[in-house]
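**Q** Sequence first, then the predicted structure, then my questions.
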2 protein chains.
Amino acid sequence: MELGDEYFMKQALKEANKAFDEDEVPIGAVVVADGQIIGRGYNQSAHLTDATAHAEILALTAAFQYMGSQILEDAQLYVTVEPCAMCAGAMKWSRIGKLVYGTDEPKSGYSLYSPNLLHKNTEIVKGVLQDESRFLMQEYFRSKR
Amino acid sequence: MELGDEYFMKQALKEANKAFDEDEVPIGAVVVADGQIIGRGYNQSAHLTDATAHAEILALTAAFQYMGSQILEDAQLYVTVEPCAMCAGAMKWSRIGKLVYGTDEPKSGYSLYSPNLLHKNTEIVKGVLQDESRFLMQEYFRSKR
């Protein structure tokens, strides 16, 4: 049996929950190759005092190390929320084969700027476990009001 | 005497030369606050096997640590070559006060996509030590042919 998009998005949601528990904006990501997770990350911007420590960047960096390559053409990245322009730019450099995300990010998602922020060969799938991904974000921001 | 843009761009060029000496795409950056360098970086993508290890990202991360803040509204970033979309996105999160760069990057510069990749309050100055910045890039790519 091949593990599907929902399975890996659940893994990304697990990462997002770690961020939630640490009072970070709850976004999580995993990078997958050959049906195996080769990088994980959750948003740690606040704790690391580092605006670049987004889930996707941390998961990509782990995957680069695992693969010994900056190019991840045959890998897939799963992230609970639409990536920002910075993370889309990082994915473009990696030529990631497929991006799967849960919920749109209408304030800072990369698609606000240009679809070309991603590599032309990157397949895009959105809306996988969208409700769960969005719920976590809403809960976080509700708690901040 | 206030240290000017050329002074700090020379410091960014010093960083770029380190990249050149290590056979990396020769781009260097410094972040400055109150006339003092608070972060330095040069492109280390190849040696770190990390497509996110651009000069600007490394310099910003150092500056975040120095300032204990992800927000660098009163700081300036100097980089020898026009930033890519990923680095512009990182600068947007940091709300950097001013971006100064040397030479345009017509293949992957952020301005290919959208000027809005930078924060609306970020002042932009380009062309400072443009010839020196471009020369280093040309020498690097000539050596690769």
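**A** The structure has been received and is ready for your questions.

**Q** where does chain A have low pLDDT?
**A** A:1-2 (pLDDT under 70).

**Q** Get me the contact residues on it for chain B.
**A** Chain A has residues A:45-46, A:49-52, A:57, A:60-61, A:64-65, A:68-70, A:84-90, A:92-94, A:113-114, A:116-117 near chain B, with proximity defined as CB under 8 Å from any CB of the partner chain. All C-beta spots, glycine's among them, are computed from the backbone N, C-alpha and C.

**Q** From those residues, which land in helices?
**A** A:45-46, A:57, A:60-61, A:64-65, A:85-90, A:92-94 (DSSP state H).

**Q** Most neighbours among these, which one is it?
**A** residue A:90 (32 neighbours; other CB atoms under 10 Å in any protein chain shown).

**Q** Secondary structure element holding residue A:13?
**A** Remark: residue A:13 resides in helix A:5-21, with elements defined by DSSP states H and E.

**Q** That helix - contacts with which helices or strands?
**A** strand A:28-33, strand A:36-42, helix A:55-67, strand A:75-81, strand A:98-103, helix A:130-144 (3 or more CB pairs under 8 Å, 6 or more residues apart in numbering or on different chains; DSSP states H and E).

**Q** one more time with 6 Å, if that's ok
**A** strand A:28-33, strand A:36-42, strand A:75-81, helix A:130-144 (3 or more CB pairs under 6 Å, 6 or more residues apart in numbering or on different chains; DSSP states H and E).

**Q** Quick check: bridge partners of the nearest residue to residue A:126 once chain neighbours are set aside?
**A** Among residues not flanking residue A:126 along the chain, residue A:101 sits closest, at 5.2 Å (CB to CB, 6 or more residues apart in numbering or on different chains). Legend: beta-bridge partners of residue A:101 under DSSP bridges are residue A:79, residue A:126.

**Q** hang on, residue A:101 packs against residue A:78?
**A** No: judged on CB atoms under 6 Å, residue A:101 makes no contact with residue A:78 at a distance of 7.5 Å.
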